[in-house]
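Student: heads up, no residue letters with this:
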């Protein structure tokens, strides 16, 4: 696969406006909120993360951070959504001149399983840390009592768009396959959960060594999807 698409360190990604009160990409404080928020969540976990601790880290005030997000859950959904849009951007870049849907799907699976690489996002955000947040915390963005209300507000729009993009390629390969969205949502969840299991619940996975995890997960997903489609 080619190198990552060239990007500015100040790449702006458009997200649902209902995720935030003020888009953090618009100001220096907001961009520091994003960059240091990613590092802090990665270091201490989402449960222990608070705006108070982040404010102390970036030498700001808690009240200033609440001007950007209603609560820390909205920040988490924002960061995870940001990552899904960046993943979609990479997929478009790498597949737009590939006529074969089979090859496009293989490239998409490669991108899904290489998200931990440090060059995966623009430089103002620690790409490896953001990917670890996606692996460890992304499910918490929708496993809440408010999931239906949040869904109605479109807070998961970027994840669903990514799934729809991949599902369209699945349907190109096999137009009669009856479960394209179920297959794709399984792929998206599995790509990150197998890495989580390898780190914390190893008896639930077959990833013997972390250094070979990318290739092993890719092989598993490729086997899963193409056997289903055949």
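Tutor: Perfect, I can see it now. Worth saying up front: this structure is predicted, and the values here are computed from it rather than measured.
Student: what sits against the nearest residue to residue 161 once chain neighbours are set aside?
Tutor: The shortest distance from residue 161 to any non-neighbouring residue, by C-beta to C-beta, 6 or more residues apart in numbering, is to residue 88 (6.7 Å). In this view, the C-beta of every residue, glycine as well, is placed from N, C-alpha and C. Residues near residue 88 by C-beta atoms under 8 Å, 6 or more residues apart in numbering: 158, 161-162, 165.
Student: all helices for the protein, in order.
Tutor: Applying DSSP state H to the chain gives helices spanning 28-44, 51-57, 62-65, 72-95, 101-113, 127-137, 147-152, 157-173, 180-200, 213-229.
Student: closest one to residue 14 among these?
Tutor: helix 72-95 (7.6 Å; C-beta to C-beta).
Student: any buried residues in the closest one, and which?
Tutor: 72-91, 93-95 (16 or more other C-beta atoms under 10 Å).
Student: and for stretch 215-230?
Tutor: So, applying 16+ other C-beta under 10 Å, buried residues of stretch 215-230: 216-218, 220-222, 225, 228-229.
Student: next, give phi and psi for the residue of the chain most remote from its centre.
Tutor: What lies farthest from the middle of the chain is residue 176; by C-alpha atoms, centre = their mean that is 29.0 Å. Torsion angles at residue 176 (phi, psi; degrees, to the nearest 10) stand at phi -90, psi 0.
Student: ok, back up a step: give me the buried entries from the contacts of residue 88.
Tutor: Those of the contacts of residue 88 that meet the buried threshold are 158, 162, 165, by 16+ other C-beta under 10 Å.
Student: could you double-check that residue 91 sits in contact with residue 114?
Tutor: No. Counting by C-beta atoms under 8 Å, residue 91 does not reach residue 114; the two are 11.7 Å apart.
Student: that older thread, kindly provide the distance from the residue nearest to residue 161 to residue 214.
Tutor: 20 Å (C-beta to C-beta, to the nearest Å).
Student: give the buried residues for stretch 94-106.
Tutor: Quick answer for stretch 94-106 (16+ other C-beta under 10 Å): 94-95, 101, 104-106.
Student: whoops, I mixed them up, stretch 63-70
Tutor: 65, 68-69.
Student: likewise for stretch 38-48?
Tutor: Those would be 38-42, 46, for stretch 38-48 by 16+ other C-beta under 10 Å.
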